[in-house]
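Novice: any chance you can model this:
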Amino acid sequence: MPCSSALAPFVIAALVALGPLPAGAQNNAAPPPAAISHKAKLCQMCHGRKGLPTVKNTPIIAGQHESSLLIGLQEYRNGARTDELMGRIAKNLSDDDMKALAAYFSALPWPAYREPADAASITRFQALDVEKKCTSCHREGFVGYANTPRVANQKLDYLIKTLSDFHDNKCPNMPRMTALVRNLSADDIAAMAHYLAGL
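Specialist: Here you go, the predicted structure:
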């Protein structure tokens, strides 16, 4: 859930100027509960009011699995995942805030996002012969389940960055992912990201 730390002052200042979100502004769904309204707006500054992120390398969280979102927030708070802005935000969230935010965003519909993969990327991904290993956790169709996030139709730039971080062992909280991609080339990772984004 990274969001550029350079944006932090602007994100926080914008909360004051935004005022209340109109009903249905987020993905044509009901607004968040009053108790987390401002916190949800903070999330939307990077992750998007209509479900599509507005900041590069930021994932779609609307429609993501509730447990996956909750675990992510908890790991940013305890330092198992590292991102300067997400870490600062998570440290200011209570357990109840995290549960409410995860429940709210998971209940939203996944946005209509898809970047069709070219034939070369599909062929290259299939040649890696890793799909069964991936779907053993991310399920058929890469739609995820419970603690495992959906990665089908996830943002392409975020997928490339995240897979590259796993490759470079920058995510110590996910050793299985690091083991899966550590021997892949940058072109392999790009092909995998394009394949997933285009599902």
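
Novice: tally of neighbours for Ser94?
Specialist: Ser94 has 10 neighbours, counted by other C-beta atoms under 10 Å. (Glycine included, C-beta is placed from N, CA and C.)

Novice: what do you get for the one 3 residues further on?
Specialist: By the criterion of other C-beta under 10 Å, Asp97 has 16 neighbours.

Novice: where in this protein is pLDDT low?
Specialist: 1-28 (pLDDT under 70).

Novice: so it: which segments form each domain?
Specialist: 5-107, 119-197 (automatic domain parsing).

Novice: next, format those domains as CSV and append distance to Tyr113.
Specialist: Shown next, in CSV, are the domains of the chain (distance: least, C-beta to C-beta, whole Å):
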stretch, distance to Tyr113
domain 5-107, 6
domain 119-197, 5
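
Novice: how long is stretch 157-175 from one end to the other?
Specialist: With C-alpha to C-alpha, to the nearest Å as the measure, stretch 157-175 spans 22 Å from end to end.

Novice: centre of the chain to it, how far?
Specialist: On the basis of C-alpha atoms, centre = their mean, to the nearest Å, stretch 157-175 is displaced by 12 Å from the centre of the chain it belongs to.

Novice: also stretch 60-68?
Specialist: For stretch 60-68, the distance to the chain centre is 8 Å (C-alpha atoms, centre = their mean).

Novice: relative to its centroid, which residue of this protein is most remote?
Specialist: Ala127 (26.3 Å; C-alpha atoms, centre = their mean).

Novice: what's the spacing between it and Ala34?
Specialist: With distances taken as C-beta to C-beta, to the nearest Å, Ala127 is found 51 Å from Ala34.

Novice: excluding its backbone neighbours, what's nearest the residue nearest to the spatial centre of the chain?
Specialist: By C-alpha atoms, centre = their mean, the chain has its centre lying nearest to Pro59, at 3.2 Å. Take Pro59 and drop its neighbours on the chain: the residue closest to it by C-beta to C-beta, 6 or more residues apart in numbering is Tyr158, 4.5 Å away.

Novice: quick one: secondary structure of Cys171?
Specialist: When classified by DSSP: H, G, I helix; E, B strand; the rest coil, Cys171 comes out as coil.

Novice: quickly find the element holding the residue farthest from the centre of the chain.
Specialist: helix 119-128 (DSSP states H and E).

Novice: which residues are in contact with that helix?
Specialist: Contact with helix 119-128 is made by Ala117, Glu131, Leu184, Asp187, Asp188, Ala190, Ala191, Met192, His194, Tyr195, Gly198, as judged by C-beta atoms under 8 Å, 6 or more residues apart in numbering.

Novice: quick one: the second one from Ser121, how far?
Specialist: Just to be clear, that refers to Glu131. Counting by C-beta to C-beta - Glu131 and Ser121 are separated by 14 Å.

Novice: now Gly63
Specialist: For Gly63, the distance to Ser121 - C-beta to C-beta - is 24 Å.

Novice: ditto for Ala152
Specialist: 15 Å.

Novice: and stretch 38-47, which residues are buried?
Specialist: Judged by neighbour count (16 or more other C-beta atoms under 10 Å), stretch 38-47 contains these buried residues: Lys39, Ala40, Lys41, Leu42, Cys43, Gln44, Met45, Cys46, His47.
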